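> here is my input, please return the structure:
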Amino acid sequence: MLKTIALENILCLDIETVPQYKSYEEVPEDVRPLWKRKADNLKKEDTEDHISIYDRAGIYAEFGKIICISTGFLNHTSDGREFRMKSFYGHDEKELLEDFAQLLRKLKPNMLLCGHNGKEFDFPYLSRRMIINGIELPQQLDNSMKKPWEVPHLDTMELWKFGDYKNYTPLNLLANVLGIPSPKDDIDGSQVGNVYWNENNLDRIVTYCRKDVITVMQILLRFKGQELLDEYEVKLGN
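As a prediction, this is how the structure comes out:
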């Protein structure tokens with residue numbers, strides 16, 4: 001499939017999410033029974049309960065929120081190639097989602113979105129949070145009435161499966177086997193909530209998110225048999 005797709009027509013992205021509240025004690029009374037019902041199906045051990053596992057709430061769009069979206073695309077210039085990146089981040093989720101939606105609406109019609117496990121997580125999470133925030137879905141995220149091959153999404157994890165639907169390969173594992181530097185050299189997804197709510201270090205999360213996006217493009221380059229990006233080829237925007 002990738003043989004027919006130019007990498008210049010792919011927008012790589014990754015999102016970082018956290019629980020909507022710092023702790024269960026701050027969750028509104030009307031939401032608590034809804035989270036408890038969800039949490040009852042998530043418990044892995046008898047000692048766990050809906051309070052102790054509230055840090056997992058960020059995984060679910062109904063109980064979490066997006067704090068960072070990072071994007072990147074490959075561009076060829078007279079001096080060579082560059083991977084141009086832009087991140088949307090902050091405490092106001094609606095504002096960053098609106099800014100991201102504006103970016104999507106400016107993309108070329110044939111531009112594809114690509115993430116690692118994006119079809120199962122990033123793309124539906126973005127869509128749900130936009131609906132919750134009253135934002136009209138850009139056409140790249142609106143899959144209603146579309147046939148599977150009409151949906152403009154790529155997923156590096158799905159590409160790696162080669163039809164093996166029972167296989168789950170994390171981004172850092174795939175990067176390792178392909179000889180790509182790990183994006184998890186500082187924090188991983190399970191630590192984002194703590195870094196956000198307890199360390200108040202959003203910049204650290206943005207850096208982590210950008211590394212994931214770069215890794216997604218590196219994987220695509222490997223799939224295409226092309227040279228990996230050098231550090232000087234990565235151009236950070238606002």
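
> max-length strand in this structure?
strand 64-77 (DSSP state E).

> summarise which helices and strands the helix or strand following that strand is packed against.
Toward the C-terminus, strand 64-77 is succeeded by strand 80-89 as the next helix or strand (DSSP states H and E). Judged by 3 or more C-beta pairs under 8 Å, 6 or more residues apart in numbering; DSSP states H and E, strand 80-89 is in contact with strand 64-77, helix 93-106, helix 202-223, strand 234-236. (C-beta placed from N, C-alpha, C; glycine too.)

> export the ones you listed to CSV and tack on mean neighbour count, distance to Leu34 and mean pLDDT?
Output for the helices and strands packed on strand 80-89, formatted as CSV (neighbours: other C-beta atoms under 10 Å; distance: least, C-beta to C-beta, whole Å; pLDDT from 0 to 100):
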stretch, mean neighbour count, distance to Leu34, mean pLDDT
strand 64-77, 21, 13, 94
helix 93-106, 16, 19, 97
helix 202-223, 21, 27, 96
strand 234-236, 14, 39, 90
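
> now stretch 47-66, how far from the centre of its chain.
18 Å (C-alpha atoms, centre = their mean, to the nearest Å).

> I misspoke; the intended subject was stretch 77-86.
From the chain centre to the centre of stretch 77-86 is a distance of 22 Å (C-alpha atoms, centre = their mean).

> in that stretch, what counts as buried?
Judged by neighbour count using 16 or more other C-beta atoms under 10 Å, the buried positions of stretch 77-86 are Glu82, Phe83, Met85, Lys86.

> list the helices and strands the helix or strand of the chain with the lowest mean pLDDT packs on?
Lowest mean confidence among the helices and strands of the chain (mean pLDDT, DSSP states H and E): strand 234-236, at a mean of 90. Under the contact definition 3+ C-beta pairs under 8 Å, 6+ apart, strand 234-236 sits against strand 80-89.

> any idea of the angle the strand it packs on forms with helix 93-106?
Put simply, strand 80-89 runs at 150 degrees to helix 93-106, going by axes from the mean of the first three to the mean of the last three C-alpha atoms, to 10 degrees.

> if we can go back for a sec, show me how far the least confident helix or strand of the chain is from its chain's centre.
Taking mean C-alpha positions (C-alpha atoms, centre = their mean), strand 234-236 and its chain are 18 Å apart.

> partner strands of it, with direction?
Strand 234-236 has these partner strands in its sheet, going by DSSP bridges: strand 80-89 (parallel).

> and Trp197, what does it touch?
Counting by C-beta atoms under 8 Å, 6 or more residues apart in numbering, Trp197 makes contact with Val18, Pro19, Lys22, Ser23.

> ok, now Asp55?
Pro19, Gly193, Asn194.

> any idea whether it is helix, strand or coil?
Of the three states, Asp55 takes helix according to DSSP: H, G, I helix; E, B strand; the rest coil.

> what's the pLDDT at it?
Per-residue pLDDT puts Asp55 at 93.

> related to what we said a few turns ago, of the contacts of Asp55, which is the nearest to Val213?
Nearest to Val213, judged by C-beta to C-beta, of these is Gly193 at 19.9 Å.
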